[in-house]
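Peer 1: Pasting the sequence and the predicted model now:
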Amino acid sequence: MSFPLFLVLLLLAALLLLAAGAVYLRIYRRHINRALQTDGPRPSVLTPPYRVLILAAVLLLSVATVAAWFAGYQTAYRRLEDAAPAETERQETFYAEITRITGTPEEGNAVTVQGLAVNDRNYRGTFSFAVYGETSIEWHGTPLDFEALEVGDCISITFTGPVTESSPAVLAHVERIQLLDDAL
């Protein structure tokens with residue numbers, strides 16, 4: 001198990017501050033002992049060790065906070081870059097014209113569409129899909145019932161999952177159908 005680089009650097013910084021604090025404490029003791037042993041003029045005043053330790057702790061926490069933020073940012077960015085979207089999670093949208101509507105609401109309505117020429121080459125063919133209760137059907141943001149769709153309507157289809165290679169191609173899970181006509 002390897003430690004992240006920022007933890008190693010943070011540990012080294014803490015050890016360095018601890019060593020510097022120990023050296024300062026020895027210098028401070030020597031200074032105080034000399035001051036107590038001499039009766040002459042007072043030597044220069046050194047900052048008390050507790051103030052130096054407080055300053056060192058604040059400095060260490062500040063460095064640790066900045067280092068942790070950068071390490072978290074790098075880790076999140078690396079995970080984002082390395083993550084490939086799963087085939088079942090990626091949404092695709094294309095435009096089509098309804099050519100056939102069959103089925104019942106209880107069993108699922110089957111819709112066959114012909115992709116429009118404005119689509120990518122992969123979505124210009126004939127597609128079939130089932131419409132169930134969880135499929136959102138809307139026109140200009142207004143929810144519609146499935147019965148509002150008619151043969152000849154232009155729609156946009158948003159789906160997830162694979163597209164089966166058959167004739168017509170079958171869309172696995174249609175999430176949203178948007179009616180594109182100007183009037184109902």
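Peer 2: Nice, thanks for sending it over. Numbers count the residues shown, from 1 in each chain.

Peer 1: name the element residue 177 belongs to?
Peer 2: strand 169-179 (DSSP states H and E).

Peer 1: Name the residues that touch that strand?
Peer 2: Residues outside strand 169-179 that contact it (C-beta atoms under 8 Å, 6 or more residues apart in numbering): 88, 91, 125-131, 134-139, 144, 148-149, 153-164. C-beta here means a position set from N, CA and C on the backbone, and glycine is covered the same way.

Peer 1: switch to 7 Å and redo it
Peer 2: For strand 169-179, the external contacting residues (C-beta atoms under 7 Å, 6 or more residues apart in numbering) are 125, 127-129, 131, 135-139, 144, 149, 153, 155-164.

Peer 1: and what of stretch 13-27?
Peer 2: Contacts for stretch 13-27 (C-beta under 7 Å, 6+ apart): 49, 52, 53, 56, 60, 63.

Peer 1: Closest to residue 113 out of these?
Peer 2: Within these, proximity to residue 113 (C-beta to C-beta) peaks at residue 63, which comes in at 59.8 Å.

Peer 1: any idea how far the closest one lies from residue 72?
Peer 2: As for residue 63, its distance to residue 72 is 15 Å (criterion: C-beta to C-beta, to the nearest Å).
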